[in-house]
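> Only the shape, not the letters, is given here:
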């Protein structure tokens, strides 16, 4: 089969992902073999391309956000049949979905309801799972003392889904951050009650809106650079959930306010053998909510074809820092 692969980590100006012929995926007992119809492209994958090389003689196939049709079912993959339309993620330690077919653990896959297009479905998995597990960590609910939530990076894929999930499932007052007119308009369209500029004085902007503190900050990008502002706007005993924590940084200010800190990586459950099946349930719920109109897909750019040129365009967009929503590549269907 054909797949987009590379050998050595590289920068965008030396883009070296090529369409190559590779062996068909080998199914594990709990796997599905999925014929890929559409893939979502994430900034995180661009970051991996820059830092992760293949083992000597090997190649790397990225891609952990897809929609497609089940082509084969492993003996332990209950609940699925050949021909099912599905969406899912995958396993960061295995080949991804930038290919004609992908082998994936059935527990991180959900069936697509009628009325959901492949391109729309492919825009959902990473954003939905990352946002859900960051915000509703323990009992599929916010901490009981949370009424105001600040989402830093409200126009990105994860921020877009976080705002929508909060407004669809909780009574929280949601504040999104965005710096440009188009990203601010998008963040409002996702349902944010208030939009502020993360390039400005966050605390000052909130005070001007009559808000002296927030209860939870969900930071999707630039967390290290925003830490001082985050601590300032959080109330004592408040919560920070972040998906891009990089160190070192000083946690002393967190201690002074007794703040809680939660990091999130969407593949943690599958690589640690946690409650993997919860991810399939979350995706199934989100897909149903989209069809019912409670959530909206976030695809804003659709590219055509599994080609090196198409993927390069997607990575240029991903690394620009100026996109809203999600870039999706349609492969078939």
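Yes, it's here. What you see is a predicted model; the values in this text were computed from it and never measured.

> shaky segments in the protein?
By pLDDT under 70, the weakly predicted segments of the chain are 138-139, 333.

> Report the contact partners of the closest residue to residue 78 other than its chain neighbours.
In space, and not counting its chain neighbours, residue 78 is closest to residue 106: 7.3 Å by C-beta to C-beta, 6 or more residues apart in numbering. For glycine as for every other residue, the C-beta is placed from the backbone atoms N, C-alpha and C. Counting by C-beta atoms under 8 Å, 6 or more residues apart in numbering, residue 106 makes contact with 30, 31, 32, 73, 74, 77, 78, 79, 80, 280.

> how about 7 Å then?
Under the criterion of C-beta atoms under 7 Å, 6 or more residues apart in numbering, the neighbours of residue 106 are 30, 31, 32, 77, 80.

> Next step: the residues you listed restricted to strands.
Within the contacts of residue 106, residues falling in strands by DSSP state E are 31, 32.

> out of the contacts of residue 106, who has the most neighbours?
Neighbour tally across these (other C-beta atoms under 10 Å): the maximum, 27 neighbours, falls on residue 32.

> From what I see, that one and residue 77 are in contact.
Yes: Residue 32 is within contact range of residue 77, at 5.5 Å (criterion: C-beta atoms under 7 Å).

> I'd assumed residue 232 was in a helix, is it?
Yes: under DSSP: H, G, I helix; E, B strand; the rest coil, residue 232 sits within a helix.

> check contacts around residue 65.
Counting by C-beta under 7 Å, 6+ apart, residue 65 touches 39, 40, 42, 89, 122, 125, 126.

> From residue 29, how far out is it?
Residue 65 sits 24 Å away from residue 29 when distances are taken as C-beta to C-beta, to the nearest Å.

> Would you mark the buried spots in the longest helix belonging to the chain?
For the chain, the helix with the greatest residue count under DSSP state H is helix 277-292. Buried residues in helix 277-292, counting neighbours by 16 or more other C-beta atoms under 10 Å, are found at 278, 279, 280, 282, 283, 284, 285, 286, 287, 288, 289, 290.

> do the same with stretch 31-50
Along stretch 31-50, these residues count as buried under the neighbour rule (16+ other C-beta under 10 Å): 31-46, 48-49.

> May I have the phi/psi pair for the closest residue to residue 315 other than its chain neighbours?
Closest residue to residue 315 apart from its sequence neighbours, by C-beta to C-beta, 6+ apart: residue 46 at 5.1 Å. Per-residue torsions, residue 46: phi -60, psi -40 (degrees, to the nearest 10).

> before we move on, what about residue 211?
Torsion angles at residue 211 (phi, psi; degrees, to the nearest 10) stand at phi -120, psi 120.

> try residue 263
phi -100, psi 160.

> residue contacts, it?
For residue 263, the contacting residues are 242, 245, by C-beta under 7 Å, 6+ apart.

> Once you drop chain neighbours, what's closest to residue 167?
Residue 167 sits nearest to residue 191 (C-beta to C-beta, 6+ apart), 3.9 Å away.

> Residue 53 against residue 9, yeah?
Yes: using C-beta under 7 Å, residue 53 makes contact with residue 9 at a distance of 4.6 Å.

> what ranges do the strands span in the stretch 1-150 of the chain?
Along the stretch 1-150 of the chain, counting by DSSP state E, counting those that start in this stretch, strands occupy 2-5, 18-21, 31-41, 66-73, 85-88, 101-105, 109-111, 148-152.

> returning to that earlier point: contacting residues for the residue nearest to residue 167?
163, 164, 167, 174.

> can you redo those as TSV with neighbour count, secondary structure and distance to residue 130?
Putting those into TSV (neighbours: other C-beta atoms under 10 Å; DSSP: H, G, I helix; E, B strand; the rest coil; distance: C-beta to C-beta, whole Å) gives the following:
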residue	neighbour count	secondary structure	distance to residue 130
163	29	helix	13
164	25	helix	13
167	19	helix	17
174	25	strand	16
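
> And the furthest pair within those residues?
For those, the farthest-apart pair by C-beta to C-beta is 164 and 174; their separation is 9.4 Å.

> and the gap between residue 38 and residue 331?
To residue 331, residue 38 is 6 Å away according to C-beta to C-beta.

> my guess is residue 118 meets residue 86, correct?
No: assessed by C-beta under 7 Å, residue 118 is found out of contact with residue 86, at 9.9 Å.
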